[in-house]
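In: structure, please.
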Amino acid sequence: MKDKQLKSYLTFRLKGELFAIGVDKVLEIIETSEDHSVTNLPKAPDAVEGVVNFRGNVIPVINMRQKFDLANYEEQERFVIMVLNLTLSDEDQIIGAMSDKVVDVIEIAETEIQPVPEVGKGYNSDYVSGVVYRHEEFVMVLDVEAAIDTDEIIQLKQEEEVVETEEDKASEAE
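Out: A predicted model of the protein is given here:
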């Protein structure tokens, strides 16, 4: 009998660590290239890498390495962008999240997810909702909405409007 409590998760790597987010949050995976590169935004919050065009819309891209205090990407280092549909401040938002690579889609039973152990006052585990041990490796199950700062998104929305206005003016000038 199939466990009715199974949920599908997309697993991805950041600096060798394995993370998982619910596939219900994932819209698409974008391979970065000349055609799909991230445009930097001046004065953006630290974890915001910039913006990218997704189906004709400008969406913010969060650097998940920076978000988790991991070593940042080198200039020529490859990454992918996971396009996520999140609910932030009771509003649906489409956000890009950078990761080193997408690994797989796995099924996890709710009963497999263990609580994050307490490791001291200086450690913030707000972004990790639990841990699963699979194939001799720990998988950190993310609460991705908690990881994305609403204030960052509000600031980005204002920056995006400026970028879109500048692009419109450039198109009209041609």
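
In: got the contact list for residue 87?
Out: 93, 145 (CB atoms under 8 Å, 6 or more residues apart in numbering). Yep, even glycine has a C-beta here, placed from its N, CA and C like the rest.

In: bridging residues for residue 60?
Out: In this structure, residue 60 has the following beta-bridge partners (DSSP bridges): residue 51.

In: and the strands in the protein?
Out: With DSSP state E, the ranges of strands along the chain come out as 6-14, 17-22, 26-31, 48-54, 57-63, 80-88, 91-99, 101-109, 128-134, 137-142.

In: can I get these in CSV with distance to residue 40 and mean pLDDT?
Out: Shown next, in CSV, are these (distance: least, CB to CB, whole Å; pLDDT from 0 to 100):
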stretch, distance to residue 40, mean pLDDT
strand 6-14, 20, 95
strand 17-22, 25, 94
strand 26-31, 17, 94
strand 48-54, 4, 89
strand 57-63, 10, 91
strand 80-88, 14, 92
strand 91-99, 13, 91
strand 101-109, 22, 95
strand 128-134, 28, 92
strand 137-142, 25, 93
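
In: give me the number of residues near residue 77?
Out: Per other CB atoms under 10 Å, the neighbour tally for residue 77 reads 11.

In: quick check: it vs residue 133, distance?
Out: For residue 77, the distance to residue 133 under the criterion CB to CB, to the nearest Å works out to 29 Å.

In: and if you look at residue 95?
Out: In this structure, residue 95 lies at 29 Å from residue 133, with CB to CB as the measure.

In: quick one: residues contacting residue 12.
Out: 18, 19, 20, 21, 80, 82, 99, 100, 101, 102, 103.

In: and those as JSON lines, adding neighbour count and distance to residue 12?
Out: Output for these, formatted as JSON lines (neighbours: other CB atoms under 10 Å; distance: CB to CB, whole Å):
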{"residue": "18", "neighbour count": "18", "distance to residue 12": "8"}
{"residue": "19", "neighbour count": "23", "distance to residue 12": "6"}
{"residue": "20", "neighbour count": "28", "distance to residue 12": "8"}
{"residue": "21", "neighbour count": "23", "distance to residue 12": "8"}
{"residue": "80", "neighbour count": "19", "distance to residue 12": "8"}
{"residue": "82", "neighbour count": "23", "distance to residue 12": "7"}
{"residue": "99", "neighbour count": "21", "distance to residue 12": "4"}
{"residue": "100", "neighbour count": "19", "distance to residue 12": "7"}
{"residue": "101", "neighbour count": "13", "distance to residue 12": "7"}
{"residue": "102", "neighbour count": "15", "distance to residue 12": "5"}
{"residue": "103", "neighbour count": "15", "distance to residue 12": "6"}
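
In: next up, the contacts around the residue nearest to residue 37 when sequence neighbours are not counted.
Out: The shortest distance from residue 37 to any non-neighbouring residue, by CB to CB, 6 or more residues apart in numbering, is to residue 52 (7.5 Å). Taking CB under 8 Å, 6+ apart as the contact definition, residue 52 lies against 30, 36, 37, 38, 39, 58, 59, 61, 81, 96.
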